[in-house]
Structures are given as C-alpha cells and as structure tokens.
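Asker: Next input, structure requested:
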Amino acid sequence: MDIQIFKTKDDLNKAFTDRLKEVISKKDIVTIALSGGSTPKSLFDDWAQLPEGEINWKKVKLFWGDERCVPPSDDESNYKMTKEHLFDFVPVPEENIFRIQGENDPESEAERYGGLLNRELGTTNGVPSFDILMLGMGDDGHTASIFPHEIKLWDNPDNCVTAIHPVSGQKRVSLSGKVINAAKNVFFMVTGENKAEKVKEIIEQPDSAKEKYPAALVQPESGSLHWFLDREAAKLLPRPTSPS
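Answerer: Residues are numbered from 1 along each chain as shown. Below is the predicted model:
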C-alpha cells in the first residue's frame with residue numbers, strides 16, 4: 001500500500017495527473033474508471049485547463065465505477081458532472097466514453113454494463129481489468145456505491161451490482177468487488193476532515209475494518225493500491241507516511 005499525503009488538493013491533483021500521463025505514455029489505449037464526488041470534480045477542472053495535447057485523450061477510454069439511477073441530465077448524475085467539468089473542454093472521442101445509463105432499469109443496466117466491460121476491457125484471471133480505477137470514500141467507509149449496510153454485495157459474482165443508498169433509498173449501479181480488485185492500478189482519492197477517522201481505522205486496523213467498511217476490502221490483486229490524501233483526511237495518521 002502506497003500512502004501519500006498532500007498539502008493541498010492542487011498538489012494531489014498534480015501527482016495523480018503525473019501518474020496518469022506516465023501510464024498513458026506506455027500504452028496504446030488506457031482504460032480508466034472514473035468516480036464522482038467533489039475530489040474528482042476538482043481534478044477534472046484541472047485537466048480541463050491543461051495545455052492542449054498534454055494528455056492524449058484519443059488513447060483514453062473512460063468508464064465509471066458507479067452511477068446514480070437518474071437521467072444523464074440530472075444534477076445528481078456522475079456523468080453530467082464529468083461532462084460539465086471535463087468533456088465540454090477536452091477532445092475525448094465520443095466513442096471512448098462508456099457511461100452507465102442511469103435512466104434505465106437498474107437491474108437491467110447492471111447486467112448490460114457488466115457485459116460491456118467484458119467486451120471492452122482486458123481481463124485478469126477472467127475478470128475485466130481497468131488500467132486505472134479511481135475511487136473515493138464516504139465518511140461511512142463506502143466506496144463506489146457499495147455501502148456498509150450492503151457490504152455483502154462486494155462478493156457478488158457479477159461484474160456490476162445494484163445498490164441502495166442507506167438514507168435516501170436511491171438506487172445505484174456499481175462495480176462489484178471482484179472488478180475493483182482486478183484493476184491494475186487503484187487510486188483512492190480522499191479529501192476532507194470528515195474522512196479522517198475511517199482513513200485511520202482502515203489503514204491501521206485493516207482486519208477489523210474489513211468486517212465493516214467496503215473501502216477496507218479494496219485489495220487489488222496487482223498490489224498497486226495508492227491512497228492519495230490531503231492533510232485533513234490524513235490528520236489522524238502518524239507523520240510522516242509518504243508526504244508530498
């Protein structure tokens with residue numbers, strides 16, 4: 001596990017972008033699963049302002065780790081957020097964007113998207129495998145859209161699952177644990193003081209955390225697991241870990 005702590009969100013964004021460019025430079029096509037939330041929004045804003053050509057978007061295929069079951073025009077849509085903060089500004093080919101269709105029946109869409117992953121991605125031990133998987137973490141320890149009250153979904157045999165938000169009851173489509181852990185490189189991007197307690201527990205007490213928090217079950221078979229934290233999210237960890 002690689003843990004890096006950054007002074008600012010801008011520093012975190014730059015470090016992740018450098019890693020992305022490194023991966024892109026070594027491959028003809030790079031597959032990335034995006035996440036939603038405030039931290040990726042800031043990252044996408046940075047990407048939108050990069051000089052033209054700094055990232056070769058023609059080499060990038062973009063997917064999502066989860067999506068709310070709403071139309072793509074809805075303000076809660078992860079796709080809409082990405083479009084407004086990234087796609088409207090950079091030349092990602094339309095055929096390289098593979099959105100989860102949140103307007104569809106959730107169970108049918110989970111099956112459809114799971115099949116799409118089988119067709120579009122290479123595999124690790126028979127499981128679709130992203131080159132880069134971006135994850136966030138909620139202050140309840142959830143990741144993608146697998147929440148603690150439905151932690152058993154992690155071991156679902158399908159590529160994608162349907163999940164329910166514990167408070168709103170909103171349905172979501174999410175990658176399952178097997179697809180998350182088949183990724184070649186997994187990046188947790190976690191910011192904010194409200195995440196600090198769960199970050200500390202998951203990193204320092206992994207065995208007990210696995211019983212409670214889906215985020216603690218992220219253990220890619222590749223061994224390439226990276227925690228990119230700002231100082232607020234890392235405030236309860238001993239210092240230094242791997243500061244930047």
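Asker: Do a quick rundown of the helices in the protein.
Answerer: For the chain, the helices defined by DSSP state H occupy 9-25, 38-48, 78-82, 106-120, 177-180, 196-204, 206-209.
Asker: Nearest to Phe130 among those would be which one?
Answerer: Closest approach to Phe130 among those (CB to CB): helix 177-180, 7.8 Å. Quick note: C-beta positions are derived from backbone N, CA and C, even for glycine.
Asker: any weak-confidence spans in this protein?
Answerer: Within the chain, the segments meeting pLDDT under 70 span 240-244.
Asker: I'd like to know which of the helices of the chain lies nearest to Thr31.
Answerer: When the helices of the chain are compared by CB to CB, helix 106-120 sits nearest Thr31, at 7.3 Å.
Asker: Could you give me the buried positions within the closest one?
Answerer: Using 16 or more other CB atoms under 10 Å as the test for burial, helix 106-120 gives Pro106, Glu109, Ala110, Glu111, Arg112, Tyr113, Gly114, Leu116, Leu117.
Asker: can you redo these as TSV with distance to Glu94?
Answerer: Converted to TSV, the buried residues of helix 106-120 look like this (distance: CB to CB, whole Å):
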residue	distance to Glu94
Pro106	25
Glu109	20
Ala110	23
Glu111	24
Arg112	18
Tyr113	18
Gly114	22
Leu116	15
Leu117	19
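Asker: Just name the closest of those to Phe44, please.
Answerer: Using CB to CB, Tyr113 comes nearest to Phe44 of the buried residues of helix 106-120, at 21.1 Å.
Asker: Might one say that that closest one is in contact with Ile100?
Answerer: Yes: between Tyr113 and Ile100 there is a contact under CB atoms under 8 Å: 5.3 Å.
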